[in-house]
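Colleague: Any chance you can model this:
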Amino acid sequence: MGKVLIGIVIAIVLGFVLFTWFTLSWSYSEGERAGFVQKFSHKGWLCKTWEGEMAMVTLPGTIAEKFAFTVRDDKVAKYLNANIGKRISVHYEQHKWIPNSCFGETEYFVTSATVDPMTPATPGTPQ
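Modeller: Numbering: from 1, shown residues only. Prediction:
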C-alpha cells in the first residue's frame, strides 16, 4: 500500500512539472504590439518578475488600450527601462495556463523590444 501511495505522489508531482514545462515552452500565440511603456517594475515577494504596462494609442485623442506584459530576460528589461517614454515595439509570446505567478503575472511574455525611430518621444520627455 505504501509503494502505491508513493507512486501516486510521484506521478502527480511529475505531471505538474511536465505541465509547467509545457506551458512555459509552448507558445499559444505570438505577435507584435507598439505603444508607450507607462509602467515597468521588478516585483514579487519571493519570485521577482518584471511586469509592465504599455499604452497603445491608435489615434491622438482616443482612449489608450492597455497591454499588460511580463519580461523574463534581464537584457530586455534593461532595454525597456532605458527607453520608457519612447514609442516601443515589442515582440511577445502568449503562454496560457501557467500554473503559478512565480513565472509571471500575465500570460504575455515580451521576448524583444525596439524603439520606433520615426516617432518622437512623448511630450515632456527628453529625446
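Colleague: Mind naming the longest helix for the chain?
Modeller: helix 2-25 (DSSP state H).
Colleague: Mind listing residues that contact the helix or strand harbouring Phe40?
Modeller: Using DSSP states H and E, Phe40 sits in strand 29-43. The contact list for strand 29-43 (C-beta atoms under 8 Å, 6 or more residues apart in numbering) reads 48-57, 64, 67, 77, 80-81, 83-94, 116, 122. In this view, the C-beta of every residue, glycine as well, is placed from N, C-alpha and C.
Colleague: Give me the residue ranges of the protein where confidence is low.
Modeller: 119-127 (pLDDT under 70).
Colleague: Which residue would you name as the spatial centre of it?
Modeller: Nearest to the mean C-alpha position of the chain, by C-alpha atoms, centre = their mean, lies Thr70 at 1.9 Å.
Colleague: How about it: what's its closest non-neighbour residue?
Modeller: Leaving aside its sequence neighbours, Thr70 sits nearest to Gly104 (C-beta to C-beta, 6 or more residues apart in numbering; 3.2 Å).
Colleague: wouldn't that neighbour be in contact with Cys47 here?
Modeller: No. At 9.0 Å, Gly104 does not count as touching Cys47 under the criterion of C-beta atoms under 8 Å.
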